[in-house]
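Colleague: Quick one: sequence and predicted model below, then my questions.
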Amino acid sequence: MKFFEARSVEWRDGVVRLIDQNALPWELRYVECRSPEEVARAIKDMTVRGAPAIGVATAMGIALAAYHSNAKSLEALLREVEEAARALSRARPTARNLFWAIERMMSAVKRAKSLEQAKRIAVDEAIKMAEEDVEVNRRIGEIGASLIEDGDAILTHCKQLG
């Protein structure tokens, strides 16, 4: 079975491209973010929705900070990345995947031994997280397709806990 694949969040040479969830289902529109602040705004205004997509967008926002940094030392880069993480954390303070992504990205970047390595790690880790999300979604689709027959009706329900 062939599935349609549209990436809700993707990295394109230093730009994070998001499907604008506010335009769906009437229009497929993309938003391009070039800074962590733009990613934070997209999370806050619900351009990007859904826990996994919010996590991946957050990771990409941190990658943007590293990728576009003009820092002259690893220490300076880490300060910039930490500031980006703080800005992103304020975008949706209740989103667990957002904080999971920050923790994972910061852990990865802090392992770097050089400025160049930190930049590379940040981008690679964010892309890896996006690929993992795609694979999980693909697997969910495959399992769902095996359980649902033509003509079946599906009702989804989200419950707010707390």
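Modeller: Right, received. Where do you want to start?

Colleague: For the rest of this, base every contact and every neighbour count on C-alpha atoms.
Modeller: OK.

Colleague: on contacts alone, who are the packing partners of the helix ranked longest in the chain?
Modeller: The helix that spans the most residues within the chain, counting by DSSP state H, is helix 115-147. Secondary-structure packing of helix 115-147 (3 or more Cα pairs under 8 Å, 6 or more residues apart in numbering; DSSP states H and E): strand 9-12, helix 51-67, helix 74-89, helix 96-110.

Colleague: List of residues touching the shortest one?
Modeller: What it means is strand 9-12. Outside strand 9-12, the residues within contact range by Cα atoms under 8 Å, 6 or more residues apart in numbering are V16, R17, L18, I19, A53, V56, A57, M60, I127, A130.

Colleague: got the angle between the helix or strand of the chain with the lowest mean pLDDT and helix 96-110?
Modeller: One helix or strand of the chain scores below all others by mean pLDDT, DSSP states H and E: helix 115-147, with a mean of 94. Helix 115-147 runs at 140 degrees relative to helix 96-110, counting by axes from the mean of the first three to the mean of the last three Cα atoms, to 10 degrees.

Colleague: For the protein, give me the ranges with low pLDDT.
Modeller: 1-5, 157-162 (pLDDT under 70).

Colleague: Please repeat the previous calculation with a cut-off of 90.
Modeller: Scanning the chain for pLDDT under 90 picks out 1-7, 25, 93-95, 137-138, 140-141, 144-145, 150, 153-162.

Colleague: Spell out which helix or strand contains A23, please.
Modeller: According to DSSP states H and E, A23 maps onto no helix or strand at all.

Colleague: and the gap between G50 and A126?
Modeller: Distance of G50 to A126, given as Cα to Cα, to the nearest Å: 17 Å.

Colleague: just W11 next, same as before
Modeller: 8 Å.

Colleague: now do V109
Modeller: 11 Å.
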